[in-house]
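J.: next comes the sequence, and after it the predicted model I'd like to discuss.
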Amino acid sequence: MEKILYIALAGAAGTLTRYGVGILFQRMGTEGAIGMPWGTFFANMVGALMFGLIWAMSEERGWVSGNVRLIVLVGFMGAFTTFSTFAFDNLQMARASEWGWFGANLALTNIGGLACVYAGFRIVRVF
């Protein structure tokens, strides 16, 4: 039961952090009604990198316990990364016939996410 509480608290922290990222990108003027959703993209890339780092620190180095890994990856990262928002953003771009941004977001997020998870693994191996 205690583990569930920690996961829920980590999820709350991830949600608030994701909201903060969105606000930051809005204030920077990069989030508009149409166009590339940079806040979502940034959260997904940072989330992918952090996932790779935490997983490798746990599995390959033993620096992070299985319980901490579960709390961080399921709780925090599950709330921080924004696949549902990513899907919604893509649908909105398709509805607006913003095909260039749609394709860019789809390709950059998927390829970038894979690259960031891999980079997380590699970074931990260096240390």
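T.: That came through fine.
J.: run the chain-centre distance for the helix or strand Met57 falls within.
T.: Element membership of Met57, judged by DSSP states H and E, is helix 38-59. Relative to its chain's centre, helix 38-59 lies at 6 Å (C-alpha atoms, centre = their mean, to the nearest Å).
J.: quick one, what contacts Ile123?
T.: Ile123 sits next to Gly52, Leu53, Ala56 when contact means C-beta atoms under 8 Å, 6 or more residues apart in numbering. Just so you know, the C-beta spots here come from the backbone N, C-alpha and C atoms, and that holds for glycine as well.
J.: my error: substitute Gly120 in the last question.
T.: If you count contacts by C-beta under 8 Å, 6+ apart, Gly120 has them with Ala48, Leu49, Met50, Phe51, Gly52, Leu53, Ile54, Trp55, Ala56.
J.: go again using 6 Å as the cut-off
T.: Contacts for Gly120 (C-beta atoms under 6 Å, 6 or more residues apart in numbering) come out as Leu49, Gly52, Leu53.
J.: state the distance from the last one to Val126.
T.: Spatial separation of Leu53 from Val126 under the definition C-beta to C-beta, to the nearest Å is 11 Å.
J.: also Glu98?
T.: Glu98 sits 39 Å away from Val126, going by C-beta to C-beta.
J.: now do the SS call for Ala119.
T.: Under the three-state scheme (DSSP: H, G, I helix; E, B strand; the rest coil), Ala119 adopts helix.
J.: pull the number of nearby residues for it.
T.: Neighbourhood size, Ala119 [other C-beta atoms under 10 Å]: 16.
J.: cool, Gly62 as well?
T.: 9.
J.: where does it land in three-state SS?
T.: Counting by three-state DSSP, the backbone at Gly62 sits in coil.
J.: for it, grab phi and psi.
T.: phi 70, psi 20 (degrees, to the nearest 10).
J.: over to Phe25?
T.: Dihedral pair for Phe25: phi -70, psi -30, per degrees, to the nearest 10.
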